[in-house]
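Colleague: Can you look at this prediction? I've put the sequence above it.
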Amino acid sequence: MRPTHKTTAVLLFLALVLAACGGAATTAETPEKLTLIAHDSFAGGVSEETFAAFTAETGIEVEVIAAGDAGSMVNQAVLSKDNPLADVLFGVDDTFLSRALDAEIFRPYRPGILDRLPQDLIDREYRVTPIDFGDVCLNYDKEWFAQTQIQVPGDLDALRAQIYASNLTVEHPATSSPGLAFMLATIDVFGEDGWLDFWADLRDAGVNVAPDWDTAYFGEFTRYGGESSLVVSYASSPPAEVIFAEEPLTEAPTGVIEVGCYRQVEYAGILEGTPYPEAAGQLIDFMLSVEFQERIPLTWFVFPVNPDAELPPEFVEHTVIPAAPTRFAAAYIAENRDRWIEEWIQVMEG
């Protein structure tokens, strides 16, 4: 029997449906490319080698999109939730994590290695996975303190003295991630009843406030010709000084004050709406692998979360991992962050 036009149309429709379904299933399992959205500092460190092993193993290329700082990145991900810009997001830290979780932009995923990671870093609903951590701490110029024979301050309370406060540069908490982290550390140390008094004392004693870390470290720090021998930076800054020194150094020219530090943890998550959740999970697994984790310290100057990853000699010799850094729950930060910043501005700027 010769098929009618109606029969032909039905068969064509069924063929298209079957082709679409089959194509979608194949694409979801083996995409040619995954897109990773990240903050600028991570994206700037990515090279052809960063994800080469992942591509060799899976056949999947990784495209990295730079999305500004962590706050801007989260805002973009939230606004594009219904049509995600990427498959995986990396670089959201504690200070902005709650905003991302509240917006429900992540698809839960539990990596097989999760039980081996530091358990205090784990999201118990598996919405995000810790990848690295870094400690925001006071750094000091060793040469300046040796020449002046002034003792390095032993705690935050000592900073109230004019000799220290007038030689200290901090970053603005509304415009700088380390500035916000240091402010959180002072809230932890002095409590809700005392932290603003501490900042008022610093203000009266001549503390300097910079808009961002680059200005504070490379513009105000005596190490680079500035007038502040103390600066809010990272526990990993001393090894960076050694690695990037123009002349070989056997000792870091800067040191870390281990009290009053704040630990920032960076997370990765699979974005809800990705057509490639399985492949996205493979990418997160790769970012937890020893190979990728051992790339982290000398590329982004933070610490890997995988305990099997070995630190480079420069990190072992020239940096410290504070024993008891401050960490606040993401929800607690989200609940109070805007109020804390506004109170800080009122004290410091009037």
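Modeller: Cool, got the structure. Numbering: from 1, shown residues only.
Colleague: going forward, measure contacts between C-alpha atoms and count neighbours the same way
Modeller: OK.
Colleague: right, and Ser128 touches Tyr267 too?
Modeller: That one is not Ser; residue 128 is Val. Yes - if you go by CA atoms under 8 Å, Val128 and Tyr267 touch, sitting 5.9 Å apart.
Colleague: the more surrounded of those two?
Modeller: When neighbours are counted by other CA atoms under 10 Å, Val128 and Tyr267 differ, and Val128 comes out ahead with 27 against 23.
Colleague: Would you mind stating the distance between the more buried one and Leu159?
Modeller: 37 Å (CA to CA, to the nearest Å).
Colleague: Show me the residue at the heart of this structure, geometrically.
Modeller: Residue closest to the mean C-alpha point of the chain, counted by CA atoms, centre = their mean, is Glu266 at 4.0 Å.
Colleague: Can you read off the pLDDT for that residue?
Modeller: Glu266 is assigned a predicted lDDT (pLDDT) of 94.
Colleague: that's a strand at Val232, yeah?
Modeller: Yes - if the criterion is DSSP: H, G, I helix; E, B strand; the rest coil, then Val232 is within a strand.
Colleague: The closest residue to it other than its chain neighbours in helix, strand or coil?
Modeller: Nearest non-adjacent residue to Val232, counting by CA to CA, 6 or more residues apart in numbering: Leu138, 4.6 Å away. Judged by three-state DSSP, the three-state class of Leu138 is strand.
Colleague: what separates Leu138 from Asp201, distance-wise?
Modeller: 17 Å.
Colleague: These two - which one has more neighbours?
Modeller: Legend: neighbour count by other CA under 10 Å for Leu138 and Asp201, higher for Leu138 (25 against 20).
Colleague: so where do the helices sit in the stretch 201-350 of the chain?
Modeller: Secondary structure of the stretch 201-350 of the chain, counting by DSSP state H, counting those that start in this stretch: helices at 213-214, 237-243, 277-287, 290-293, 296-300, 313-318, 330-349.
Colleague: Can you pull out the low-pLDDT segments for the chain?
Modeller: Where the chain drops to pLDDT under 70, the residues are 1-29.
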